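Peer 1: What shape does this take:
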Amino acid sequence: MALVLPCTFCTSLQRKTIPINRRCSPKLRRGATATTCEFRIPVEVSTPSDRGSLSVPSHKVTVHDRQRGVVHEFEVPEDQYILHSAESQNITLPFACRHGCCTSCAVRVKSGELRQPQALGISAELKSQGYALLCVGFPTSDLEVETQDEDEVYWLQFGRYFARGPIERDDYALELAMGDE
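Peer 2: Numbers count the residues shown, from 1 in each chain. Next comes the predicted model:
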């Protein structure tokens, strides 16, 4: 199997497959394929069938979906976004942008911890109050969260900038906008 992998030492991508030499690479599994860059750095390639053997810890995530009145429990590896893992397990959760820029997938953490370095849609103040975004959140422990109303979180985030109170939704304008798509 040949694989294109970026090397941290070179900028070009190489397609070189090398045999595994047990004397030089004793940690690679028997039957695995290794790739290398021009600096001859072997990298083990896992297949979907042996992904369960990786050493990335997984955590149980419990999502209380207030809008639908459902509780979801699923496992999420530390190196995967919570929203992506839920979708891969056929669990539907609220989202919009998938980039951490809006508040559609906002949750309030009831217990546990997560890492969300790319959550631009909520302020540091809201993060410190326990708010998080599922689309860019990585669990770092077992986690229990509760979905939030997008408008509530938006108001908490930006309400102080609107002196007259909450903005009324214009459903007619929304219907017109959706009709254009």
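Peer 1: so where do the strands sit in this structure?
Peer 2: Listed in chain order, the strands found in the chain under DSSP state E are 16-18, 33-36, 43-45, 58-65, 70-77, 106-111, 114-115, 131-133, 138-139, 143-147.
Peer 1: Which elements pack onto the fourth one?
Peer 2: Read that as strand 58-65. Taking 3 or more Cβ pairs under 8 Å, 6 or more residues apart in numbering; DSSP states H and E as contact, the helices and strands that strand 58-65 lies on are strand 70-77, helix 82-88, strand 143-147. In this view, the C-beta of every residue, glycine as well, is placed from N, C-alpha and C.
Peer 1: Go through the ones you listed and name the closest to Arg108.
Peer 2: strand 143-147 (5.1 Å; Cβ to Cβ).
Peer 1: where does this structure dip in pLDDT?
Peer 2: Counting by pLDDT under 70, the chain contains low-confidence residues at 1-54, 160, 162-170, 173-174, 180-181.
Peer 1: ok, so what distance separates Val153 from Gly179?
Peer 2: As defined by Cβ to Cβ, to the nearest Å, Val153 lies at a distance of 27 Å from Gly179.
Peer 1: Could you do Glu87 as well?
Peer 2: When distance is defined by Cβ to Cβ, Glu87 is 27 Å away from Gly179.
Peer 1: So for those two, which residue has more residues nearby?
Peer 2: A direct count of neighbours by other Cβ atoms under 10 Å for Glu87 and Gly179 places Glu87 higher, at 13 against 7.
Peer 1: Pull the contacting residues for the more buried one.
Peer 2: When the contact criterion is Cβ atoms under 8 Å, 6 or more residues apart in numbering, the partners of Glu87 are Leu93.
Peer 1: again, but for Glu146
Peer 2: With contact set as Cβ under 8 Å, 6+ apart, Glu146 has these partners: 63-64, 66, 107-108, 110.
Peer 1: One more pass at 6 Å, please.
Peer 2: 64, 108, 110 (Cβ atoms under 6 Å, 6 or more residues apart in numbering).
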